[in-house]
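> kindly return the folded structure for what I paste below:
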Amino acid sequence: MKNILITGARSGMIYPVIQKLKEKNHIYVSVHTESELKSIKRLYKDDKNIECLKVDITCDLNKIDNLNIDVLVCNGAIAESGSLFEIPIDKVKDNFEVNVFSNLKLMQRVSQKMIKKGKGRIVIISSLTSKMPIPFLGSYSGTKAALSVFARCLHYESMLLSSKIDIVLVEPGLYRTGFNKLAFDKKYDFMDYNSFFSNQIEFIRKCENVYLWLFEKRKLYSIARKIYEAITVSKPRFRYSAPMSHNLFSKIINLFS
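Predicted structure coming up:
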């Protein structure tokens, strides 16, 4: 039985992974807010191998210091949207603080014990938007690109350690969990008549709705299977991504861009 800490485990694509893991592993399921904590406690109240925690990765990392963690799954993230021509810089800073800097601090904190113990695994949930940036989602795409680069560097650096530390990168495409729609809609809170795009807001909104309708995958099985494999297999690949169609499309975009 392994001890697995999963951040950002509110629901979405990580829920089916937890369902598969919970019989043979002890899982620390962590979320960001008290309301989310109450929700997951209700959700997992009958699961003896699941421990629910409130961990704000920007300031609560001391809460994990006494945990014996074999596998860390870095899934905590927020998304800020808006044109990079005008998005408030504080929103970009917040986006990088949560998705990049806080996740790196978390990985450093947990990996110290793993290295001393001689083994461990860190699974970093990035996104295919790191390779296929979406207009008006540049801040979020930038954070995920940074995470993917960090993962690659950590992977190379781990090869020089005497301890066996697996670094695994997972890059999901678009799945219908509600996260993408909320991310797209955030920018309309500040895109008013002062925006450079004020005359095109309805057009942009319609394009985004069509984009999500066309590309969001309704079923989570393909990415849940990849995350589960990244956590459990004895010799994981460095990189996993799904769905296959989005991964192929991102490669084509990069080939011709």
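
> going forward, measure contacts and count neighbours with C-alpha atoms only.
Noted.

> neighbouring contacts of stretch 66-82?
With CA atoms under 8 Å, 6 or more residues apart in numbering as the contact definition, stretch 66-82 has outside contacts at 2-9, 57, 87, 91-92, 95, 98-99, 103, 107, 110, 114, 119-126, 136-140, 183-188, 191, 231.

> please narrow these to those residing in helices.
When DSSP state H defines the helices, the subset of the contacts of stretch 66-82 inside them is 91-92, 95, 103, 107, 110, 114, 138-140, 183-186, 231.

> which ChimeraX command selects the buried ones in those residues?
Filtering the ones in helices among the contacts of stretch 66-82 down to the buried ones (16 or more other CA atoms under 10 Å) takes a single ChimeraX command:
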select :92,95,103,107,110,114,138,139,140,183,184,231
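
> now K117: phi and psi?
phi -70, psi -20 (degrees, to the nearest 10).

> show me what contacts it?
K117 neighbours (CA under 8 Å, 6+ apart): S163.

> which pLDDT does the model give it?
We have a pLDDT of 96 for K117.

> check the ones in helices among the contacts of stretch 66-82 and tell me the two furthest apart.
Farthest pair in those (CA to CA) is M114 and D185. Separation: 39.5 Å.

> could I get the full set of helices for the chain?
Under DSSP H, the chain gives helices at 15-21, 34-43, 89-96, 103-117, 138-158, 179-186, 201-215, 221-232, 244-256.

> for those, which one sits closest to G173?
So among those, helix 244-256 is nearest, using CA to CA, at 5.9 Å.

> settle this for me: M107 is touching R121, isn't it.
No: the pair M107 / R121 is not scored as a contact, 10.1 Å apart, by CA atoms under 8 Å.
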